[in-house]
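Asker: structure here, sequence nowhere to be found:
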Ligand code: ADP
Ligand code: GN1
Ligand code: MG
């Protein structure tokens, strides 16, 4: 029987994945590869390798080194984190689906550097699990949040040294705001007049940017990109089986992770939905996120962290909205775009969600207090 994999969409890859695959410790013969997933940063491919008559899938990723300026340090983080998580999953049923496994190169390294200076890595493909670009049920939200909380918990005792900052100040919202102010002044792509309402929306909310930093919350090892599509849900049980996309795992605040879950797992539509009437913070999803997250992270969160759970959803949604707006005004230099105005559309959904959270923030806080 052919695996589901063979239906991967047949867009011609930009890169020679066959050649890249040859550098990794994989037995068998390369069959095909195709772009995979909907990430905004790296180039991800699913490749099929025939291993003794069985088609086996692998994930190959080219790290975007324009964005991740220190790919070697990044891979050192990923190696340490995956090894630590694998140690935790050891002995559990299905352990190799519970943490990403790096495949080494033939030279024994965690990455391969190609002739063009690109950095490549390879992971075992997590089978019988999927990522979703939009949340479909509170059960999914619960499972995703539980998995990200578990992820933080398992990394709490990662031995020193401190992980590298793969992108410095990644969640420093005041600096993200300052970047927006800078591009407003330069108007580099001449798009200011097209985003007047969004700019006004952002400027009115400057005061919220520093709230989490001012709260002096504890630094932890955090994921920092806990988008709903960065956790794989098991096809049979729905369990959040594996947290993926580890490029931004570094020191951070637990609330950056919870906030990004609220951003991506409470609205019923994708991040780039153009019909804004569909964008809303669904309370049952928020409740499921809180319950799921506290089921795994509750034992280590401080009262101060708990107090800001709802606020973090608003702040991180606002912050990513600022980043989409900044990128739009800069002429789409950072996030991959697939149509005109794509970043502006993404910014609009974020700001619509911020508004929806503002309207429900009191009730969200009450709920958190009651749990
Ligand atoms: P990006 O940084 O570009 O978002 P991700 O690491 O999130 O890249 O990968 C993109 C997509 O590829 C994911 O959303 C997921 O669907 C799929 N994917 C990534 N790693 C694996 C894996 N090990 N097994 C199966 N699918 C994966
Ligand atoms: C990017 O890599 P991906 O698509 O999971 C971005 C996140 C944003 C997200 C918005 C390194 O995540 O910070 O929140 O897009 N990653 C980086 O969808 O900038
Ligand atoms: Mg991703």
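Answerer: Good, I have the coordinates. If you're wondering where the values come from, they're calculated on a predicted model, not measured in any experiment. Numbers count the residues shown, from 1 in each chain. Ligands and ions are numbered 1, 2, ... in the order given.
Asker: contacts for stretch 325-336, please.
Answerer: Applying CB atoms under 8 Å, 6 or more residues apart in numbering, the external contacts of stretch 325-336 come out as 39-41, 67, 176, 179-180, 183-184, 187-189, 191-192, 195, 198-199, 202, 323-324, 341-344, 346-347. C-beta here means a position set from N, CA and C on the backbone, and glycine is covered the same way.
Asker: now, which of those residues lie close to ligand 1?
Answerer: The subset of the contacts of stretch 325-336 lying close to ligand 1, counting by CB under 6 Å from any ligand atom, consists of 39, 41.
Asker: who's in contact with the residue nearest in space to the middle of the chain?
Answerer: Centroid-nearest residue in the chain: residue 225, 3.2 Å away (criterion: CA atoms, centre = their mean). Taking CB under 8 Å, 6+ apart as the criterion, residue 225 is in contact with 245, 247-248, 260.
Asker: go again using 7 Å as the cut-off
Answerer: Applying CB atoms under 7 Å, 6 or more residues apart in numbering to residue 225 gives the contacts 245, 248, 260.
Asker: so it sits in a strand?
Answerer: No - assessed with DSSP: H, G, I helix; E, B strand; the rest coil, residue 225 is coil; it does not lie in a strand.
Asker: how much space between it and ligand 3?
Answerer: Distance, residue 225 to ligand 3, using CB to the ion, to the nearest Å: 7 Å.
Asker: one more: residue 144?
Answerer: As for residue 144, its distance to ligand 3 is 13 Å (criterion: CB to the ion).
Asker: so that residue, which of the three states?
Answerer: Taken by three-state DSSP, the conformation at residue 144 corresponds to helix.
Asker: helix/strand/coil for the residue of the stretch 1-150 of the chain found nearest ligand 3?
Answerer: Nearest residue of the stretch 1-150 of the chain to ligand 3: residue 39, at 4.0 Å (CB to the ion). When states are read from three-state DSSP, the local structure at residue 39 comes out as coil.
Asker: what's near enough to touch the spatially closest residue to residue 92 that is not a sequence neighbour?
Answerer: The spatially closest residue to residue 92, leaving aside those adjacent along the chain, is residue 98, at 6.2 Å (CB to CB, 6 or more residues apart in numbering). Remark: with contacts taken as CB under 7 Å, 6+ apart, residue 98 is in contact with 89, 92, 241-242.
Asker: now residue 98: how far from residue 239?
Answerer: Using CB to CB, to the nearest Å, residue 98 is found at 10 Å from residue 239.
Asker: show me where the protein has helices.
Answerer: Secondary structure of the chain, counting by DSSP state H: helices at 17-21, 71-89, 138-155, 173-186, 196-204, 211-214, 254-265, 283-297, 303-307, 309-330, 342-370.
Asker: nearest to residue 116, of the ones you listed?
Answerer: Comparison of these against residue 116 by CB to CB identifies helix 17-21 as nearest, at 10.9 Å.
Asker: now the closest one, how far from the centre of its chain.
Answerer: A distance of 25 Å separates the centroid of the chain from that of helix 17-21, by CA atoms, centre = their mean, to the nearest Å.
Asker: report the distance from stretch 272-280 to the chain centre.
Answerer: 20 Å.
Asker: run through the bridge partners of residue 129.
Answerer: Counting by DSSP bridges, residue 129 forms beta bridges with residue 234.
Asker: number of nearby residues for it?
Answerer: With neighbours defined by other CB atoms under 10 Å, the count for residue 129 comes to 21.
Asker: from here on, count from 33
Answerer: Okay, residue one is now 33; in that scheme the one you just asked about reads as residue 161.
Asker: and the pLDDT at it?
Answerer: The score at residue 161 is 98. That number is its pLDDT.
Asker: now it: how far from ligand 2?
Answerer: Using CB to the nearest ligand atom, to the nearest Å, one gets 17 Å for the distance from residue 161 to ligand 2.
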